[in-house]
Every structure is written in structure tokens, then in C-alpha cells.
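S.K.: here you go, sequence then predicted model.
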Amino acid sequence: MTNPGPAPVAVRHLAIPPMDATMRTRFAPAPSGELHVGNVRTALFSWALARRHGGTFLLRVEDTDRSRVTDEAYAAALEILQWIGIDWDEGPGIGGPHAPYRQSERLAIYAEAADRLRVAGAAYPCYCTAAELAERREQARAANRPPGYDGRCRRLTADERAAFEAEGRTSVLRFWMPDGTTTWNDLVRGEITIDHANVPDFAITRSDGHPLYLLAAAVDDIAMGLTHIVRGEDLVTATPRQLALYAALGHPQDHWPAFAHLPLIIGADKAPLSKRHGEVSLAWYRSQGFLPEALANYLALLGWSPGGDREFFGEDVLLAEFDVRRVSSNPARFDIKKLEALNGDWIRSLTVEDLSSRIAPVLNDAGFTDVDLAMLLAAAPLIQIRMNRLTEAPELLHFLFIDDGAFAIEEAAATKGLGEGSEAVLRAASERLHALAEWTVELIEPAVWGIGELLGLNRKRTATPLRVAITGRMVSPPLFESMELLGRERTLRRIDRAAGIGG
Ligand code: GLU
């Protein structure tokens, strides 16, 4: 008996499950490389949605495609989520009632589902080769027909299958998409209707039986009892397919999750954010001195805001006020300048102790392995006001933490700042500063300006040679505070050296 195929449908999935403590949301990355800002924005919104309502947030790792997902990428994904402050109630490292949460460890579950679909006639083995599919796609295009799968293998007889197999062909399992339409009430985009004329039959397993994304995600979203699925707009077209899978797998419609498809993130040229726009991996931003608080703050602004003109806000505001229904469906522009400004605001919001503890490892990475913590605590306020990234600290504090033996003046700074007239300033400074009763900003500052007056130089021409002699740079933290911190002895040694005093 040939399979009549599924009856036509007019799916209307409009109900939204309650937004309360029964909510279950998830982040389901397929980490083939480092998580990028778009992935993490999705994670953040899904997490915030569950947290806001006291629900449950799951992490599920979609790593069925072993050729793409490495153990290293898997571990890195978990680590970077933790770094930005996203925690999960069920998932890797924690477990939960639906463990395991790593799809590569759930293969038997998908195999059983695939088999069920095959036996029920909802899916069929398809023997078409990649080359045949490509050729027919071309033909369809040339004839102005839809280029998707044409249903060729839908009704093969047992003999035809046996013949294909005798030829040595392998088969994938292909889901038979019913004719009709699917409508759902998207939490971000409102009502969406997709005509199945645009949704061809799709493969749910590879020829070796390995499950593909559409199947594995649908099976797990059912099994794990998800109520609200937050994901990127690129997956809008997966939704009618996955709802059709829910139906074919017997998942009652009143248990189907609601969907929220987040807007695209674009670059300055309005194209979807990609490597072309510069670095997009979250780990890169970490390595460049961005704070997790600032990234979470900025990513939250990509499609949402807490209202009013609040742009600087922390996790507390996000978790108390996040409303997925207020996420905009318009593309959100990623602007590193804005992120950087926000990062600066976050840096300025930290206590000196907190800032110092975050700068210490950055100094360490830059080669300052033996940083005096008291000195760092004293220096941090000087740079806090002028720094937008933690990675600016080594350059700004280099004069303080470098071994005196290794201290050198940058060539460009020497050329620019130690020109004509500078030796007179340095010699006069050496003399006057030696004689100071106490080594404090209050005494250093008037002494230095007094030299300018004596020599008839403006403040810039007075300060620049000293700045270059002492910090080795044209740009530094405030000069007098820097001198005080560096101490009389080290300061004078550098001034004398630059002036050529004492060899
Ligand atoms: N694993 C998919 C991805 O990383 C997301 C699946 C989903 O959210 O349904 O693109």
C-alpha cells in the first residue's frame, strides 16, 4: 500500500504559555568555534526571560555534528557564558531531570524518534544523491519552480528501495512536510504565517543515521518541556518544520512552546554582523579589556532597553525588567564605539579595589609579574578616569611597574618631547625637586610651575620634558600624581638620566 502522505494542515499556534515560574527556556548553542556576540545576546535574553519570571533556564549543547563541534569549543562556550554571568539551572556540569544535556550523548533518543517517524510514514528514506539534488534544483530554478526537494522518493516501493540499495546507494531520512500553512504568535515579531509551498521536505538524519539539527532540537524541546524558545531570526524558517515535527511526534499542541525570534545584529554597513566587521567572538572582547558587566549591558541593548533613556544598567535591572515582548524586531546595530564608551562608564563605576583586582591580571599578561598591590591601589584612581579598556592599563602604568634597569624612553616621545629647551627644564627640576622638604603633589606641583616661570616657558613646555623623562611616553596619568607615586628617588634618577646629569 502506498503512503498517502500527511493530510493538509492549517496550523494555528497562537497560545502563549504562562509567563511565570513554570517557564522553561533554553540556550542551545552548536559551538563549532567561539561563541559570538549574537549567540551570547540570545543566551542573555533567554536567561533573563526565565530569571525575570522565576522560571528555569537550561543549557543544551547541540553537538551532534561531531565534525564541527570540538571538545575545546564546547568547554570554551561554557566558560565564556560563566564569565559574562549567565548561569543555568539544568545543563552541562549541573545535570537535571532531562540529562544528559549534550546532544552527542542523546543519540539513541533521536534514533528512536526518527524510527517512529519512519514507521508512521511521516518520514521516508530518500536515496537522491547530492549531485542529483543539485541538478534538479538547477532545473527547477531554470523552469521557475521552487528549488526545494521535489518529493521524488516519497512513494518508493519496497522493490525500488531494494534496487537503489543494490546499486550501493545510501539513504537519509526525509520528513514529509504536509501541505498547508503554519501560523504562530511570535513574541517578538507578532503573528507569522508561512505557506508550506515554501517549506520542502527536509532531511532529519544523515545517511549514517546521525540526527540533524531540525530533528534533534525538536525532540529535545519536547522532551525537556520547554515553554518559550528564544533564538535568532535566522531560525524563523525552522519553526514551521519543527512545529510539524511536534505534531508528527504526537506532542499535544497545548504543550507547544512559544517562539521569540530576536532581531538580526548588523554592522555599520547594515549587513549582518560577521567577521568582516572585525572580531565578533565574545572571548576576543574579553581579551581586549572589556568587562563582563559592560558586555552584558551592551548586548542587552541590542534589541531591548529598560525604557526611559537608561543605557547604563546592570544585571539587576535586566533580570527585574526584561520583557521579551518589548524586544524590537528591527535589526540592531553593533557599534564598538558605543560598547567602548559603556565599558569606560563601567570601569569608572568600580571601586578602586575592584578595578585593581581586574587590572592586576592584565598587567601580569603584559609581563609585569611582580606588581606591588599597594602601589596598584594607589595608581588605579589615576587611570580610572581616563581608561575605556582594561588593556590600556599596562601602557599607562608601565612607568611605575617596570624595573628601573629596563626603563626606556620611547623613541617617538624622545623626539617629540625632549627637544630644544628641555635640558634646562630637567636640570632646574632636578635641583628644585632634590630640595623639596616633602615628596607630595602639593609641593611638587608649585615647584615645577615655578621652573616654567623662571625659564619663561608655558605649562605644556614645562611639563612635557618631565613627563617624557619620567614616564617614557607623551601620554601618561596626571604628571604630579605620577611623580608622587613613583617616589622621589626613582623620579629624580629618571630626570637626571634624561638631562644627562651624572652620566
Ligand atoms: N543550535 C542552533 C544554533 O546554534 C540553535 C537552535 C535553536 O535555538 O533552536 O544556531
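M.R.: Cool, the structure landed. All values reported here derive from a predicted model rather than from experimental measurement. Numbers count the residues shown, from 1 in each chain.

S.K.: correct me, but residue 261 touches residue 185?
M.R.: No. At 11.7 Å, residue 261 does not count as touching residue 185 under the criterion of Cβ atoms under 8 Å. For the C-beta atoms, the positions are set from N, CA and C on the backbone; glycine is no exception.

S.K.: okay, these two: which has more neighbours?
M.R.: The residue with more neighbours, out of residue 261 and residue 185, is residue 261; 24 against 15, by other Cβ atoms under 10 Å.

S.K.: can you give me phi and psi for the nearest residue to residue 281 once chain neighbours are set aside?
M.R.: Counting by Cβ to Cβ, 6 or more residues apart in numbering, residue 34 is the residue found nearest to residue 281 once chain neighbours are left out, at 3.8 Å. Taking degrees, to the nearest 10, you get phi -70, psi 150 for the backbone angles of residue 34.

S.K.: again, but for residue 175
M.R.: Phi and psi for residue 175, reported as degrees, to the nearest 10, are phi -80, psi 130.

S.K.: check contacts around it.
M.R.: Contacts here follow Cβ atoms under 8 Å, 6 or more residues apart in numbering; on that basis residue 175 touches 117, 122-123, 201-204, 214-215, 241, 244-245, 248.

S.K.: okay, and the beta partners of it?
M.R.: Residue 175 has these beta-bridge partners by DSSP bridges: residue 123, residue 202.

S.K.: how close does it get to residue 253?
M.R.: As for residue 175, its distance to residue 253 is 18 Å (criterion: Cβ to Cβ, to the nearest Å).

S.K.: check residue 301 too.
M.R.: 35 Å.

S.K.: more neighbours: the two, which one.
M.R.: Neighbour totals were compared for residue 301 and residue 253, and residue 301 leads with 20 against 12 (other Cβ under 10 Å).

S.K.: for the more buried one, phi and psi?
M.R.: With angles defined as degrees, to the nearest 10, residue 301 sits at phi -80, psi -10.

S.K.: I figured it hits residue 311, correct?
M.R.: Yes. Residue 301 lies in contact with residue 311 (Cβ under 8 Å); the separation is 6.4 Å.

S.K.: now stretch 93-110: mean pLDDT?
M.R.: Average pLDDT, stretch 93-110: 97.

S.K.: name the residues that touch it?
M.R.: For stretch 93-110, contacts defined as Cβ under 8 Å, 6+ apart pick out 58-64, 66, 69, 74, 78, 88-92, 205, 210-211, 215-216, 219-220, 223-225.

S.K.: near the ligand, from those residues?
M.R.: Contacts with the ligand are made by residue 62 out of those, judged by Cβ under 6 Å from any ligand atom.

S.K.: which among the contacts of stretch 93-110 end up buried?
M.R.: Using 16 or more other Cβ atoms under 10 Å as the burial test, the contacts of stretch 93-110 include 58-64, 69, 74, 78, 88, 90-92, 205, 210-211, 215-216, 219-220, 224 as buried.

S.K.: okay, now the nearest residue in space to residue 169 that is not next to it in sequence: neighbour count?
M.R.: Of all residues not flanking residue 169 in the chain, residue 127 sits nearest, at 4.6 Å (Cβ to Cβ, 6+ apart). Using other Cβ under 10 Å, residue 127 has 21 other residues around it.

S.K.: again, but for residue 353
M.R.: A total of 11 residues lie near residue 353 under the criterion other Cβ under 10 Å.

S.K.: doesn't residue 231 belong to a helix?
M.R.: No. With DSSP: H, G, I helix; E, B strand; the rest coil as the criterion, residue 231 is strand rather than part of a helix.

S.K.: any idea of the pLDDT on it?
M.R.: 98.

S.K.: next one: residue 279
M.R.: On the pLDDT scale, residue 279 is placed at 87.

S.K.: what helix or strand does the nearest residue to it once chain neighbours are set aside sit in?
M.R.: Residue nearest to residue 279 in three dimensions, not counting chain neighbours: residue 285, with 7.3 Å by Cβ to Cβ, 6+ apart. When elements are assigned from DSSP states H and E, residue 285 belongs to helix 282-287.

S.K.: with residue 450 instead?
M.R.: Assigned by DSSP H and E, residue 450 belongs to helix 441-455.

S.K.: next, the buried residues of that helix.
M.R.: Buried residues in helix 441-455, defined by neighbour count with 16+ other Cβ under 10 Å: 443, 444, 445, 447, 448, 451, 452.

S.K.: what mean pLDDT does that helix have?
M.R.: 97.

S.K.: packing partners for it?
M.R.: When contacts are defined as 3 or more Cβ pairs under 8 Å, 6 or more residues apart in numbering; DSSP states H and E, helix 441-455 sits against helix 422-434, helix 459-471, helix 479-486.
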